[in-house]
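>>> Got a sequence here, can you build the structure:
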Amino acid sequence: MFLEGVRSFFRSRWLGQVPIDRLFWRDMMLVGTGINVASSASALILLGLKMPLGLVLAVHFAPVLYNIFLAIAVWRTAEQSGAKASLMLLGSALWLVATVAV
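This is a model prediction of the structure:
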């Protein structure tokens, strides 16, 4: 049951079935940024505990694939949307660079 919900979540976003506003503002900016902040904070805590660097880096970069997925989902959905979608394309590209580079 849970796995079907996860599969549905990813499928609906990949196919552009989620409104661009929800995808950009809630999924990417709110949830995605929250996941990135939590991942970075966890990595800093692990670093402070003198855990192996490989583990610290793995925790820090764990959300990268999810970030890439969200950015591509916004781009795919924006192709079907109106003029404000162009700003969301730019915003998602900047967000992706910021989350991967930091």
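>>> roughly how far apart are Ala38 and Val6?
According to Cβ to Cβ, to the nearest Å, Ala38 stands 19 Å off from Val6. For the C-beta atoms, the positions are set from N, CA and C on the backbone; glycine is no exception.
>>> Do a quick rundown of the helices in the chain.
Taking DSSP state H as the test, the helices found in the chain are 2-14, 20-21, 33-48, 53-61, 64-78, 84-101.
>>> Turn those helices into TSV, including mean neighbour count and mean pLDDT.
Shown next, in TSV, are these (neighbours: other Cβ atoms under 10 Å; pLDDT from 0 to 100):
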stretch	mean neighbour count	mean pLDDT
helix 2-14	11	94
helix 20-21	16	92
helix 33-48	15	97
helix 53-61	14	97
helix 64-78	18	94
helix 84-101	15	89
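>>> what's the closest of those to Asp27?
Nearest to Asp27, of all the helices of the chain, is helix 64-78, at 6.1 Å by Cβ to Cβ.
>>> Give me the contacts around the closest one.
With contact meaning Cβ atoms under 8 Å, 6 or more residues apart in numbering, helix 64-78 is reached by 10, 13-14, 16, 18, 20, 23-24, 27-28, 32, 35-36, 85-86, 88-89, 92-93, 95-96, 99-100.
>>> distance between it and the chain's centre?
In this view, helix 64-78 has its centroid 7 Å away from the chain centroid, taken as Cα atoms, centre = their mean, to the nearest Å.
>>> Likewise for stretch 70-81?
Once both centres are worked out by Cα atoms, centre = their mean, stretch 70-81 turns out to sit 13 Å from its chain's centre.
>>> Output it as CSV, nothing but the C-alphas.
The C-alpha trace of stretch 70-81 is given here as CSV (Å, rounded to 0.1, in the frame of the first residue of the first chain):
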residue,chain,number,x,y,z
LEU,A,70,12.0,17.6,-8.8
ALA,A,71,13.8,20.0,-11.2
ILE,A,72,13.1,17.8,-14.2
ALA,A,73,9.4,17.3,-13.1
VAL,A,74,9.0,21.1,-13.0
TRP,A,75,10.6,21.5,-16.4
ARG,A,76,8.4,18.8,-17.9
THR,A,77,5.2,20.3,-16.3
ALA,A,78,6.2,23.8,-17.3
GLU,A,79,6.1,22.8,-20.9
GLN,A,80,2.4,22.3,-20.5
SER,A,81,1.8,25.5,-18.5
